[in-house]
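Q: Predicted model, plus sequence, below.
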Amino acid sequence: MIRLLLAAILILPLAIGCTPAPATDTPSPEQAQGEPAAEEVSLPDLQATYNEAKAAYEEDNANAEGFVSAAMDYGMAVMYAPILPPATKYPLSLAIFKEVLEVDPEEANATDASETIIEIYGSMGRDVPEGSVEDFPLNLPEMASKEG
């Protein structure tokens with residue numbers, strides 16, 4: 001009993017002092033990928049860039065690297081967007097990452113992010129959402145008006 005009390009007395013202050021501060025900001029896509037954020041880019045801008053890169057890639061398959069980059073930026077932003085509810089952001093970001101992996105199966109960040117989302121659904125005992133990006137429409141102006 002005394003050992004337990006001593007252990008609690010020694011460990012409790014360490015646990016309290018070592019507790020990380022609560023997160024105040026959601027990481028940017030660059031921070032989530034382990035890179036410093038150069039500048040903040042809005043979700044609508046990332047969505048537009050993604051749509052343009054996807055259209056260009058689908059037209060002639062010439063700029064796979066540009067598509068992968070735009071899709072990863074958009075997918076990570078969607079995944080960590082505080083304005084989006086989980087039921088919106090996780091299925092959409094997973095669909096984006098699947099598109100990336102179709103173009104570049106070796107894209108480690110897309111693989112890691114996809115596995116994270118799949119593990120979250122598994123831990124909740126829920127089915128992993130299936131579908132394409134088009135199956136999960138995102139109306140950003142409408143969502144922004146609901147936030148404010």
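A: Received the coordinates, thanks.
Q: ok, residue 133 to residue 124 distance?
A: Residue 133 sits 23 Å away from residue 124 when distances are taken as C-beta to C-beta, to the nearest Å. (C-beta placed from N, C-alpha, C; glycine too.)
Q: Over to residue 63: give its phi and psi.
A: Main-chain dihedrals, residue 63, degrees, to the nearest 10: phi -120, psi 60.
Q: Can you name the residues that contact it?
A: By C-beta atoms under 8 Å, 6 or more residues apart in numbering, the contact set of residue 63 is 53, 56-57.
Q: ok, of the residues you listed, which come out buried?
A: Buried residues within the contacts of residue 63, counting neighbours by 16 or more other C-beta atoms under 10 Å: 53, 57.
Q: So which of residue 133 and residue 124 has more stuff around it?
A: Set side by side, residue 133 and residue 124 give different neighbour counts by other C-beta atoms under 10 Å, the larger being at residue 133 (22 against 9).
Q: Give me the pLDDT value at the more buried one.
A: pLDDT, the model's per-residue confidence, is 91 for residue 133.
Q: what's near enough to touch it?
A: Contacts for residue 133 (C-beta under 8 Å, 6+ apart) come out as 92, 95-96, 99.
Q: Thank you, goodbye.
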